[in-house]
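Visitor: Turn this into a model:
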Amino acid sequence: MSRQLQVTSLPVDGAVRAARAVVRDALRGLKEDDLRDAELVVAELAGNAVRHACPPYEVRVFSVGGRAVWCEVVDGDPGGVGAVLAALGRPRADPDLAAEDGRGLVVVRALSHGRCGVYAMAVPRPAKAVGFVVPCRALPSGPVRYAWLN
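Guide: Below is the predicted model:
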C-alpha cells in the first residue's frame, strides 16, 4: 500500500490561514463536516504553534493508499511535549468559559475524538509535532495506534 507525506512550510505571518488552506486542499473529497473539523483543528494547532512556540512552522499530511489519515503541525520548539500530551490526553473538568485562551487543545481532542498526539523530533532539527487523525465519522472514538507512524 502506498504511503505519502506532503510537507508544506507555513509563513510566520498568516500561518493559521495557510494551514487551513493546505488542509482544505489536501483533504478534498472529505465530507464537508469532516473537512470543517479538520480545518478547525489545524487552525487551533497552527495558532498554538505561533503563540507558544517558534518558527519554522509546517503542516504535514500523511496519506496511505491515497487517503489522508494523519495531519500535524510542526514548530521549531521541541519543548512542552509533556504539557501538550497532558492536555490532549484528558478532558478538562471545569474549563473557564470566560477565559480568552486555554481551550484550543480541548477543541482538538473533542473534534478528533481523542485520536491526537504530540511528539518531539530531532531530525532535521529539534522540533515538536502535534497531530490528529483526519476526521471521518465512520471511525470509532478513542486512542488509535498506527504502526506506519512509527
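Visitor: quick one, what contacts Asp77?
Guide: Each residue near Asp77 by C-beta atoms under 8 Å, 6 or more residues apart in numbering is listed here: 52-54, 127-128. Heads up, the C-betas are built off the backbone N, CA and C, glycines and all.
Visitor: now do 10 Å
Guide: 49, 52-55, 120, 126-128 (C-beta atoms under 10 Å, 6 or more residues apart in numbering).
Visitor: need the helix or strand of this structure with the lowest average pLDDT.
Guide: helix 81-89 (a mean of 83; mean pLDDT, DSSP states H and E).
Visitor: pull the CA atoms of that helix into PDB?
Guide: Provided in PDB are the C-alpha atoms of helix 81-89 (Å, rounded to 0.1, in the frame of the first residue of the first chain):
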ATOM      1  CA  VAL A  81       5.700  17.900  24.800                       C
ATOM      2  CA  GLY A  82       4.700  16.800  28.300                       C
ATOM      3  CA  ALA A  83       2.200  19.700  28.800                       C
ATOM      4  CA  VAL A  84       0.700  19.200  25.400                       C
ATOM      5  CA  LEU A  85       0.400  15.500  25.900                       C
ATOM      6  CA  ALA A  86      -1.300  16.000  29.200                       C
ATOM      7  CA  ALA A  87      -3.800  18.500  27.700                       C
ATOM      8  CA  LEU A  88      -4.600  16.200  24.800                       C
ATOM      9  CA  GLY A  89      -4.900  13.100  27.000                       C
END
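Visitor: residue closest to the middle of the protein?
Guide: Against the mean C-alpha coordinate of the chain, by C-alpha atoms, centre = their mean, the closest residue is Gly131 at 3.2 Å.
Visitor: That one belongs to a helix?
Guide: No: when classified by DSSP: H, G, I helix; E, B strand; the rest coil, Gly131 is found to be strand rather than part of a helix.
Visitor: Quick check, it in contact with Val108.
Guide: Yes: here Gly131 lies in contact with Val108, judged by C-beta atoms under 10 Å, at a distance of 9.4 Å.
Visitor: which residues are common contacts for these two?
Guide: 41-42, 45, 88, 116.
Visitor: wait, which of these is closest to Val23?
Guide: Among these, Val42 lies closest to Val23 (C-beta to C-beta), at 4.6 Å.
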